[in-house]
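Colleague: dropping the sequence and predicted coords here.
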Amino acid sequence: MASRRTLIVGLAIAGAVTAVLATAYWATQESPPPPDPEHVAAPAAPPQLQCVFIGYTGAPRVAFLFDMSRDGNEPRFEQTSLTEISGTGRTTKKPPFPKWRLDTGVEPARLESEITVIDNTAAGKHIEQIAIELYKYSPEGSNPGFIEAGLKNIHYQNLSGSCQQSRSLPLTVSSN
């Protein structure tokens, strides 16, 4: 019994000595410098424009999400999501999505594209114009809160709604 007790006490002392030596070793080591905040910051997500249009029942009917960027001096809107809402059901469409163009030469500004709509014709589908009208909108502006918007399309019907931009789209600086 005494030898068993001696063995347990010996193991406990050896463990304690090992812990003290390891702590002393790590305490004498130089800690790494803190990371440079410039390298720590994750790349900023692109500004986004989210639009929700309301059906005749007063409930959301369709929602669009766009990532915003620049192509030279022109703002570019890349559709990343389309959700159709019908009662309690939601259908999220998968890419590819159409290319969109922003026309700020008119008021309201128009985000325009063409969509393919499935129908009962022999071809089984047709192309339709679609436009999101954005009232008092500038992609470079702060656009606080919600932006009044209208969806102009035969398939989705003409619906009213609103859009919200996550942050302003920076202007490009041209070098001369």
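Modeller: Received, thanks.
Colleague: can you classify residue 8 by secondary structure?
Modeller: Assigned by DSSP: H, G, I helix; E, B strand; the rest coil, the conformation of residue 8 is helix.
Colleague: what count of nearby residues applies to it?
Modeller: Around residue 8 there are 10 other residues, counting by other Cβ atoms under 10 Å. Using the backbone N, CA and C atoms, a C-beta is placed for each residue, glycine as well.
Colleague: ok, residue 75 next?
Modeller: The burial count assigned to residue 75 is 22, neighbours taken as other Cβ under 10 Å.
Colleague: does it really touch residue 139, like I thought?
Modeller: Yes - between residue 75 and residue 139 a contact is recorded at 4.4 Å, counting by Cβ atoms under 8 Å.
Colleague: pull the helix or strand with minimum mean pLDDT from the protein.
Modeller: helix 37-40 (a mean of 60; mean pLDDT, DSSP states H and E).
Colleague: tell me the mean pLDDT over stretch 65-79?
Modeller: Throughout stretch 65-79, pLDDT has a mean value of 90.
Colleague: who's in contact with it?
Modeller: Stretch 65-79 is contacted from outside by 46-51, 64, 80-82, 97-98, 100, 102, 111, 139-140, 165, 169-170, 172, 174, using Cβ atoms under 8 Å, 6 or more residues apart in numbering.
Colleague: just the buried ones out of the residues you listed, please.
Modeller: Among the contacts of stretch 65-79, those classed as buried by 16 or more other Cβ atoms under 10 Å are 46-51, 64, 81-82, 97, 100, 102, 111, 139, 165, 169.
Colleague: show me the contacts for the residue minimising distance to the centre of the chain.
Modeller: Central residue of the chain (Cα atoms, centre = their mean): residue 48, 6.2 Å from the mean position. Going by Cβ under 8 Å, 6+ apart, residue 48 touches 65, 66, 67, 68, 80, 165, 166.
Colleague: all helices for this protein, in order.
Modeller: 2-28, 37-40 (DSSP state H).
Colleague: buried members of the contacts of residue 48 into ChimeraX, please.
Modeller: Filtering these down to the buried ones (16+ other Cβ under 10 Å) takes a single ChimeraX command:
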select :65,66,67,68,165
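Colleague: next, give me the two most distant ones among the contacts of residue 48.
Modeller: Spanning the widest gap among the contacts of residue 48 are 80 and 165, at 14.2 Å by Cβ to Cβ.
Colleague: mean pLDDT lowest for which of the helices of the chain?
Modeller: Lowest mean pLDDT within those: helix 37-40, at a mean of 60.
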